[in-house]
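In: A structural model of the following input is requested.
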Amino acid sequence: AAGIIDKLTRRHPHVFGDTTVSGPDEVKQNWDSIKAAERAAKAGDQLVSVLDGIPMSQPSLSLAAQLLRRAGRSGAPASLAREPAAHVSPLGRELLELVARAQEAGLDPELELRQAARAYADRVRAWETAAPGPAPRGASGGRPPGPAPRGASGGRPPGPAR
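Out: Residues are numbered from 1 along each chain as shown. The predicted model follows:
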């Protein structure tokens with residue numbers, strides 16, 4: 001418990017200490033400075049990056065948004081997100097650019113995509129309801145007859161058991 005108290009006290013000097021701030025922007029600047037100092041202290045003699053500590057295994061949309069946000073706060077040029085990379089497809093680069101554009105517009109790309117996906121689901125359901133004749137394929141709740149769709153085996157193509 002003492003470690004948690006120390007961390008809260010250290011990271012919130014405007015609440016628990018003598019630091020005076022003029023508003024939320026200054027609180028954020030202080031937070032960024034404190035976190036950078038913590039990363040530097042933790043790294044010791046190793047090279048420190050503003051990206052250190054970002055979980056790279058998180059879902060890709062969240063990962064892209066967090067990488068862009070941290071890099072932007074550190075002063076990295078926005079053009080880095082638009083530069084081609086040898087091992088990245090044009091679509092991957094475009095997706096990263098879309099995340100950057102959303103953030104530049106003050107939007108949360110995760111929320112925007114979730115809203116668009118839900119609206120799409122609503123349109124599909126409306127289409128299913130309005131479709132004349134028999135229910136659309138799969139409307140019975142089961143998979144339509146025929147071979148399993150690609151990826152239905154857990155993402156692996158059909159093949160010999162392992």
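
In: tell me which helix or strand in this structure has the weakest average pLDDT.
Out: Among the helices and strands of the chain, helix 24-43 carries the lowest confidence by mean pLDDT, DSSP states H and E, at a mean of 77.

In: what helices or strands is that helix leaning on?
Out: helix 2-11, helix 13-16 (3 or more Cβ pairs under 8 Å, 6 or more residues apart in numbering; DSSP states H and E). Just so you know, the C-beta spots here come from the backbone N, C-alpha and C atoms, and that holds for glycine as well.

In: nearest to Arg101, of those helices?
Out: Closest approach to Arg101 among the helices and strands packed on helix 24-43 is made by helix 2-11 (31.2 Å; Cβ to Cβ).

In: longest helix anywhere in the chain?
Out: The helix spanning the most residues in the chain, taking DSSP state H as the definition, is helix 109-130.

In: going by neighbour count, list what's buried in that one.
Out: Residues of helix 109-130 classed as buried by neighbour count (16 or more other Cβ atoms under 10 Å): Pro109.

In: do the same with stretch 75-84
Out: Ala81.

In: average pLDDT for it, rounded please.
Out: Averaged over stretch 75-84, pLDDT sits at 90.

In: how about residues contacting it?
Out: Val50, Leu68, Ala71, Gly72, Pro90, Arg93, Leu96, Glu97, Val99, Ala100, Glu104 (Cβ atoms under 8 Å, 6 or more residues apart in numbering).

In: only C-alpha atoms, please: export it in CSV.
Out: Provided in CSV are the C-alpha atoms of stretch 75-84 (Å, rounded to 0.1, in the frame of the first residue of the first chain):
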residue,chain,number,x,y,z
GLY,A,75,7.3,16.5,-30.4
ALA,A,76,7.7,13.8,-33.0
PRO,A,77,6.7,15.2,-36.4
ALA,A,78,3.3,14.1,-37.6
SER,A,79,4.8,13.2,-41.0
LEU,A,80,6.4,10.1,-39.4
ALA,A,81,3.0,8.4,-39.5
ARG,A,82,2.7,9.1,-43.3
GLU,A,83,6.2,7.8,-44.3
PRO,A,84,6.2,4.5,-46.2
